[in-house]
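> Next come a sequence and a model predicted from it.
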There are 2 protein chains.
Amino acid sequence: MTGRDKNKYNTTTGPVTLADIAKLANVSPVTVSRAINTPTLVKPRTLEAIERVIAKTGYVPNLLAGGLASRKTRLIAAIVPSVASTIFAETIEGLNAELVSAGYQLLLGLSGYDLDRELELTRAILARRPDGIILTGITHMKETRAMLTGAGLPIVEIWDSTPSPLDTAVGFSHAAVGALVAQHLLIRGYDRYAQVGANDPRAVQRRDGFVNRLKGIAEVELPDLEMNSPSTFQDGREAMAQLLDRGEGSLGVFCSSDVVAHGALAEAHARGCKMPEDLAIIGFGDFDFAPYTHPPLTTVRIDRRDIGTKAARSILRKIDGTERVEAMINIDFHIVARGTA
Amino acid sequence: MTGRDKNKYNTTTGPVTLADIAKLANVSPVTVSRAINTPTLVKPRTLEAIERVIAKTGYVPNLLAGGLASRKTRLIAAIVPSVASTIFAETIEGLNAELVSAGYQLLLGLSGYDLDRELELTRAILARRPDGIILTGITHMKETRAMLTGAGLPIVEIWDSTPSPLDTAVGFSHAAVGALVAQHLLIRGYDRYAQVGANDPRAVQRRDGFVNRLKGIAEVELPDLEMNSPSTFQDGREAMAQLLDRGEGSLGVFCSSDVVAHGALAEAHARGCKMPEDLAIIGFGDFDFAPYTHPPLTTVRIDRRDIGTKAARSILRKIDGTERVEAMINIDFHIVARGTA
DNA sequence: GATTACAATGAAAGCGCTTCCATTTCTTCG
DNA sequence: CGAAGAAATGGAAGCGCTTTCATTGTAATC
């Protein structure tokens, strides 16, 4: 007895229910439900009376019950690797803004770049029966894919491109980004080329695109360093130190994110490298600080927020179901040339 | 008919249910429920059989139904102003990590520093019957407070301190931060003192603390600039330009965030100000880039992640209900003296 | 003024699970 | 070996809503 009494939170007697409102307003529960969900079907006088009762009692509908009955939760789940790295935070903001204005709620899952965790999250999320789900990347465990397709809900994969998405994808080709950066450096011409980056699937694709574009022209050097996503300022600094110690000649470096690039930049700056003549650094992401490094960072810009917005719109259109949604929605990217390349 | 058929997502016939599993495993639904939630109450042989069926069918329990029946959703909601500003992103990460490891899910709401939106979010969130809710700050509309206390669930307010929280608060005194910064600048001694900051309640408190500490010693100058939260690099830059144009003598400036400070710094740097002799700048937040500005930024450090962790733990302990949770949990802060003050 | 059409409301069933209480099955021990 | 207690299982009710279908009220039509 006392054991339970210690808990001061009222979990046993839920507050006002729809039935209570019905009784107080002298109508049936169905009418109250309609007053809330489809007010146009209710006579103005009745509606007003019901609304008065709702306001007076402070009634808050139970969406669990509603969702169970209607099989619609107005919940959209999104799984991203992290929210602390600026890169996904803005996507989330865009996503959320769009969803909220359509009357949906965002359920957030953070996978930490870990596919096993993504699987667990997917299971936990599906148990809440969201009306749609958004995943980061196109690399998933096969159990995840199976669970997802079996659930029969709209799926949007973001931040990558693929000819064969699970359902729809909103993103861009990371290989193409790598190639573009290589191209940009090639035009300027360097003695050596290097890539510094983390090991998540998208960073790896960017590296591959970079390496492929340079194939037959130059060998791409990679620092001997274990870099896990999300890569850090310190990673960049150490990598750059290695590269600089390792050889001679002018050097063009592609970093897997602006954070890493910033670290690389700091090391180069400390050693008095001349940029972009002796050393070029290109980052990825165009983070807030990029215009303000010394020298200002050249980087690849993607409209991160737009990915979120478009993903939300796709999901909503899929839920609506009246118009077809393309399998692949492409997002633009381009190089912002500043002081480092 | 066709109108509905266009929608390819299976929303009508939910997949496997607990009853299906029960039938396939030759047990009653109750036993399946126990196998999932309290497996120790089920005989190992039976358990194994049930688990086999679950694996084979890919059954995913419906937490809406479960939550409705048990009045426990294993859902914790958090409302923060934004997730794009680093400041709250890490709190979210800490929160999420702690919640996930306790088997809870995070439901995220973004208020955009808007109390009306906070109210709407609260309503929408409460409709999902979370087991607890976390809010940012201690300033809420009275309707929000009423709804919250009426809901009878554990509440944690974060990122601020107060003697009278709604339930429990995890944070620190922003006024004390302001006073500490003033103190730090006073010791070094400047001719003029200024504050540059946004208008959200916490930034205002920091300013007030700063102003009060300097009362009778110096007048605190404020740039004539409308700055809405979240304040930007550009805001800081303009504010600093104003301050520098406006008067003579050495100047000590307290900025409401590192982002603003960074902008102020850039302007000062461009004008060749000598720091920290002629100009001191102190930021707030100790963002990632703070050690790498030129000169490195002096700022106030708060363990942002820790706020999330502690908030999560408080909520969980409240839900558990066996141990009392303090009304106010204080978070440390201190000045990290680098190159700008 | 009777007929038809539509607007407004209600009754009953059920969404998929958990809870409470009852029943059955297995141990243990005098 | 039978009683008593514990372990394992099941039946029934119900969480708070929405859905479908039926009914009543009201207005439009000739």
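Noted; the coordinates are in hand.
> Tell me who's in contact with residue A:30.
Not one residue lies near residue A:30 by Cβ atoms under 8 Å, 6 or more residues apart in numbering or on different chains. C-beta coordinates here come from the backbone N, C-alpha and C atoms, glycine included.
> Does it belong to a helix, a strand or coil?
Taken by DSSP: H, G, I helix; E, B strand; the rest coil, the conformation at residue A:30 corresponds to helix.
> What's the per-residue pLDDT of it here?
In this prediction, residue A:30 carries a pLDDT score of 95.
> From chain B, how far out is it?
Per Cβ to the nearest Cβ, to the nearest Å, residue A:30 is found 19 Å from chain B.
> How about residue A:32?
In terms of Cβ to the nearest Cβ, residue A:32 sits 15 Å off from chain B.
> wait, what's in contact with that residue?
So residue A:32 contacts A:18, A:21, A:22, A:25, A:50 (Cβ under 8 Å, 6+ apart).
> now, which of those residues lie close to chain B?
The subset of the contacts of residue A:32 within reach of chain B, by Cβ under 8 Å from any Cβ of the partner chain, is empty.
> I'd like to know which of the residues you listed is nearest to DNA strand C.
When these are compared for distance to DNA strand C (Cβ to the nearest atom of the strand), residue A:22 wins out at 7.2 Å.
> what comes up buried for the helix or strand hosting the closest one?
Applying DSSP states H and E as the criterion places residue A:22 in helix A:18-25. By neighbour count on 16 or more other Cβ atoms under 10 Å in any protein chain shown, the buried set for helix A:18-25 is A:18, A:21, A:22, A:24, A:25.
> Show me what that helix is packed up against.
helix A:29-37, helix A:44-57 (3 or more Cβ pairs under 8 Å, 6 or more residues apart in numbering or on different chains; DSSP states H and E).
> CSV for those, including distance to DNA strand C?
Output for the helices and strands packed on helix A:18-25, formatted as CSV (distance: least, Cβ to the nearest atom of the strand, whole Å):
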stretch, distance to DNA strand C
helix A:29-37, 4
helix A:44-57, 3
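> Quick check: which of these is buried the most?
Using mean count of other Cβ atoms under 10 Å in any protein chain shown, the stretch among the helices and strands packed on helix A:18-25 with the largest mean neighbour count is helix A:29-37, at a mean of 18.
> now it and helix A:44-57, what's the angle there?
If you take axes from the mean of the first three to the mean of the last three Cα atoms, to 10 degrees, helix A:29-37 sits at 80 degrees to helix A:44-57.
> chain center to helix A:29-37, what's the gap?
Its chain's C-alpha centre and that of helix A:29-37 lie 37 Å apart, by Cα atoms, centre = their mean, to the nearest Å.
> and the angle for it with helix A:18-25?
Using the same axes, to 10 degrees: helix A:29-37 against helix A:18-25 is 100 degrees.
> May I have helix A:29-37 as PDB, with CA atoms only?
In PDB, the C-alpha atoms belonging to helix A:29-37 read as follows (Å, rounded to 0.1, in the frame of the first residue of the first chain):
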ATOM      1  CA  PRO A  29     -19.800  10.200 -27.300                       C
ATOM      2  CA  VAL A  30     -19.900  10.000 -31.100                       C
ATOM      3  CA  THR A  31     -21.000  13.500 -31.300                       C
ATOM      4  CA  VAL A  32     -18.100  14.700 -29.100                       C
ATOM      5  CA  SER A  33     -15.700  12.700 -31.300                       C
ATOM      6  CA  ARG A  34     -17.100  14.500 -34.300                       C
ATOM      7  CA  ALA A  35     -17.000  17.800 -32.700                       C
ATOM      8  CA  ILE A  36     -13.300  17.300 -32.200                       C
ATOM      9  CA  ASN A  37     -12.300  15.700 -35.500                       C
END
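> is DNA strand D contacted by it?
Yes - contact of helix A:29-37 with DNA strand D (Cβ under 7 Å from any atom of the strand) involves A:29, A:30, A:33, A:36, A:37.
> How much space separates the second one from residue A:49?
Residue A:30 sits 15 Å away from residue A:49 when distances are taken as Cβ to Cβ, to the nearest Å.
> count of neighbours near residue A:103?
9 (other Cβ atoms under 10 Å in any protein chain shown).
> all strands of the stretch 1-150 of chain A, in order?
A:75-80, A:105-110, A:132-136 (DSSP state E, counting those that start in this stretch).
> out of those strands, deepest packed?
Most buried among the strands of the stretch 1-150 of chain A, given mean count of other Cβ under 10 Å as the contact rule, is strand A:132-136, at a mean of 28.
> Endpoint to endpoint, stretch A:228-239 covers what distance?
13 Å (Cα to Cα, to the nearest Å).
> what's that stretch in contact with?
Contacts of stretch A:228-239 (Cβ under 8 Å, 6+ apart): A:81-82, A:84-85, A:113, A:196-200, A:203, A:223, A:225, A:227, A:255-257, A:259-267, B:288, B:292.
> Filter those residues down to the buried ones, PyMOL style.
The PyMOL command for the buried members of the contacts of stretch A:228-239 (criterion: 16+ other Cβ under 10 Å) is given here:
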select buried, (chain A and resi 81+82+84+85+113+196+197+198+200+203+223+227+255+256+257+259+260+261+262+263+264+265+266+267) or (chain B and resi 288+292)
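> Point out the ones among the contacts of stretch A:228-239 that are inside strands.
Residues from the contacts of stretch A:228-239 lying in strands, with DSSP state E as the criterion: A:196, A:255.
> any idea how chain A splits into domains?
Domain assignment for chain A by automatic domain parsing gives A:2-61, A:74-172+A:304-331, A:174-302.
> Looking at those domains, spot the one closest to residue B:251.
domain A:174-302 (20.9 Å; Cβ to Cβ).
> Quick one: end-to-end distance for that closest one.
11 Å.
> Please apply the same query to stretch A:167-178.
Note: stretch A:167-178 ends 26 Å apart using Cα to Cα.
> how many other residues sit next to the residue of the stretch 201-341 of chain A found nearest DNA strand D?
Of all residues in the stretch 201-341 of chain A, residue A:319 sits closest to DNA strand D, at 13.4 Å by Cβ to the nearest atom of the strand. Residues near residue A:319, counting by other Cβ under 10 Å, number 19.
> wait, it sits on residue A:131?
Yes - Residue A:319 sits in contact with residue A:131 when judged by Cβ atoms under 8 Å, with a separation of 5.4 Å.
> Give me the common contacts of the two.
Joint contacts of residue A:319 and residue A:131 (Cβ under 8 Å, 6+ apart) are residue A:154.
> picking that back up, which of the contacts of residue A:32 sits closest to DNA strand D?
Nearest member of the contacts of residue A:32 to DNA strand D, counting by Cβ to the nearest atom of the strand, is residue A:18, at 2.8 Å.
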